[in-house]
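Asker: A structural model of the following input is requested.
(chains A and B)
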Amino acid sequence: MVLELQKPRPIWQIMFSTHHTDVGLLYLITSLAFMFMGGALALLLRVELFSPGVQLIADSMTYNRIFTVHGTTLIFLFILPSASAFGNYLVPIMVRYKDMAYPKLNAVAFWMIPPAGALIWLGFADFTWYAYPTYSVISAPGPAADMWIFGLKILGISSILGAINFVVTIMKCKHPDLPLSKMPLLAWSYLTSSLIILVAVPTFAAALLMLLTDRLGASGFFNPAMGGDPIAYQHLFWFTFHPEVYILVIPAIGFMYEIFPRFSRKPIFSHSSGVFAFTLLAIVGFSSWAHHMYASGMSFTEKTVFMVGTLAAVPASAMHVFNFLATMWGGRIKFATPIMWAVGGIALFFSAGAGGVVNAAMPLDFMSHDTYWVVGHFHLFVMGTILFGTVGFIYYFFPYVTGRMYNEVMGKVHFILSFIGTVLVFFTQHILGLFGMPRRIYDYPPIPEWVQMNIIISIGAFIIGIGMAIFLVNLIWSSAKGKPADMDDPFELGGKYYFPYQAKNPSH
Amino acid sequence: MKQKGIGKMSGHSNWPEWIYVAVVIALMCYVGAEAWNVERLIEHVPEDAKLITVTGQQWLWTFEHEDGTKEIGELHLEKGEAYRFEIHSKDVIHSFNIHEYTVLMDAVPGRVNHVWFSPNVAGEFDIQCREYCGLIHYNMRGTLFVEDKGA
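Answerer: Predicted structure coming up:
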């Protein structure tokens, strides 16, 4: 491994580098910065919702802008780049190649993210992260909305370029001695998620262009006043963004496939079932997009088709959970910080999946659709599964990047606070949804159950916030002053267990 | 464990995984079949359902009864009758929702959507918008009054 921060180097040398570990480091730092920024916005929202009436945010427009930028930031500027970060570090090493296939393209893909982030943050649009017409066409104030569209456009190109790079690196630059079937599961996760990006994202890129010309009044694709249909946008949008869920979650599952065997001191239970489940998820991920639109006036037949397509994704996800548990079964587990995060991630992944079955079942969806149930449901995925897997992997990877150990006690406290907070916030949001509170509302009537649950949720959010503050201190302090790590075995696991990144590589 | 042993680890049985996957698939088939059946029954609109035309606009609900009476923000219905809603929107997408009765249907401009229900409990119930529609979305609320027949 290259020790990025141990060798003192001028910052511009890292910034203008095209080496895959340097680009990976840039991705990682950028994504972490956006994670803290997006999380801070969530805390503002929770202060406002603590009780009915105005608390902190003076008007509803500001509130709407904050939740839009919160969602956009955490999905596009935190989760996607953080997956690319570790992909850049590990995919070339796992396929035993000296770098990514196209190093310059790799750097270009990264450098599209800061300007896109600037457009989104300076614009501060208000039409939520899905920008449904006709609101986004006739009603959303510019230039914020147009800046958001351009920002997303740039991010879409960036992720397509990154995906091309991963696919080519894996398919064309893989060492001839390493068959695809033996490639580590983390590399498999990047192969499958990149293939999903290549199929899914261009659709949204097209929809964004149409949205922009609609806003300019030059066309009327989604504007019924000009003969268009807003439902068409919803189809284009969800054709990209339901598979996007798998783009986001598959690398996180890949991280867990690294963590579990390592800390259980036991090989993965079944490599082939992991490969099978990744591939299956990538395919069935495309059969379920319109389950987000049951209430938009779809026919009974359409709803049935998409319900079946959605339920079909469950066995594949369940296979991953089985694989994790069977890997831990009978292992000599060392409960260091990374595996604690991964175990928490499995528990929350399972809960999120169970809630998802409820959403998929047609009659029940009419209870949960667009209520806080849905907010709780997808946050259990994006925070409970993806962020937990990613943060666990950041702890796991910390010594290999900095040459120093993070503070174990702080890492465990961070986990415990985050787990308690996540359960408090997102489980309660499920129940709040069943009591009928809609999403995306700035203020609510003083219904006693709503008020009580909102107080619980806000307290939980601040518990998560404290955990994240500890995380930030741990990252900064430990990378400068932490105790030097034993690079052969930083977690004192002993023995010769499988390290994919220790495969022979002439450049490392 | 040697590095080349990855993928075909010796000494474990694959049966637990097969059984587990079969159980998950069976559960999903049950959920799917049950949901299909319930939805099929729910979507069957009674012949004698009375028509209520619902119009959503930023940021209020308008209701028109079969006899032409119009109400804004309030809807008065009789207990025990069946009602069919025809949902329109004047500007952006809204979502017509009476949570206690699980009535939910988007109001999409340029389209007409339908949903029906039959109130069986008298009282006051909240009507709200469940699709983000801009500035006052949070307060696009109304009240449903279900009254006993002849009251």
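
Asker: Pull out the buried residues from the helix-or-strand element of chain A with minimal mean pLDDT.
Answerer: Ranked by mean pLDDT, DSSP states H and E, the weakest helix or strand in chain A is helix A:11-15, scoring a mean of 85. Residues of helix A:11-15 classed as buried by neighbour count (16 or more other CB atoms under 10 Å in any protein chain shown): A:I14. Backbone N, C-alpha and C define where each C-beta goes, glycine included.

Asker: Closest residue of chain B to chain A?
Answerer: Closest to chain A within chain B is B:G110: 2.8 Å, counting by CB to the nearest CB.

Asker: That residue - nearest residue in space that isn't next to it in sequence?
Answerer: Nearest residue to B:G110 in three dimensions, chain neighbours excluded: A:P224, at 2.8 Å (CB to CB, 6 or more residues apart in numbering or on different chains).

Asker: Where does the residue of chain B closest to chain A sit: helix, strand or coil?
Answerer: Secondary structure assignment for B:G110 (DSSP: H, G, I helix; E, B strand; the rest coil): coil.

Asker: Need the residue closest to the centroid of the chain.
Answerer: In the absence of a named chain, chain A is used. In chain A, the residue lying closest to the centroid (CA atoms, centre = their mean) is A:I79, at 3.5 Å.

Asker: To clarify, I was referring to chain B.
Answerer: B:L104 (3.1 Å).

Asker: can you pull the contacts of the nearest residue to A:F221 once chain neighbours are set aside?
Answerer: Nearest residue to A:F221, sequence neighbours excluded (CB to CB, 6+ apart): A:M210, at 4.3 Å. Going by CB atoms under 8 Å, 6 or more residues apart in numbering or on different chains, A:M210 touches A:S219, A:F221, A:F222, A:Y233, A:L236.

Asker: Report the contact partners of the second one.
Answerer: When contacts are counted by CB under 8 Å, 6+ apart, A:F221 touches A:M210, A:L211, A:T213, A:D214, A:G228, A:D229, A:A232, A:Y233.

Asker: does the fourth one really touch A:A131, like I thought?
Answerer: No. The pair formed by A:D214 and A:A131 falls short of the contact definition of CB atoms under 8 Å, at 11.0 Å.

Asker: which sections of the chain are below the confidence cut-off?
Answerer: Picking chain A for this. Counting by pLDDT under 70, chain A shows low-confidence ranges at A:1-7, A:495-508.

Asker: right idea, wrong chain: chain B
Answerer: In the predicted model, chain B carries pLDDT under 70 at residues B:1-11, B:151.

Asker: sorry, back to before: quick one: which of the contacts of A:M210 sit in helices?
Answerer: A:Y233, A:L236 (DSSP state H).

Asker: Which pair in the contacts of A:M210 has the greatest spatial separation?
Answerer: Farthest apart among these by CB to CB are A:S219 and A:L236. That separation is 14.1 Å.

Asker: Mind checking which of those two has more residues around it?
Answerer: Shown here are A:S219 and A:L236; by other CB atoms under 10 Å in any protein chain shown, A:L236 has more neighbours (21 against 17).

Asker: Contact partners for the more buried one?
Answerer: A:L236 touches A:T203, A:F204, A:A206, A:A207, A:M210, counting by CB under 8 Å, 6+ apart.

Asker: so who does the fourth one touch?
Answerer: Taking CB under 8 Å, 6+ apart, we find A:A207 in contact with A:Y233, A:L236, A:F237, A:T240.

Asker: Output the residues you listed in a markdown table; the columns should cover distance to A:W373.
Answerer: Formatted as a markdown table, the contacts of A:A207 follow (distance: CB to CB, whole Å):
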| residue | distance to A:W373 |
| --- | --- |
| A:Y233 | 24 |
| A:L236 | 25 |
| A:F237 | 21 |
| A:T240 | 23 |
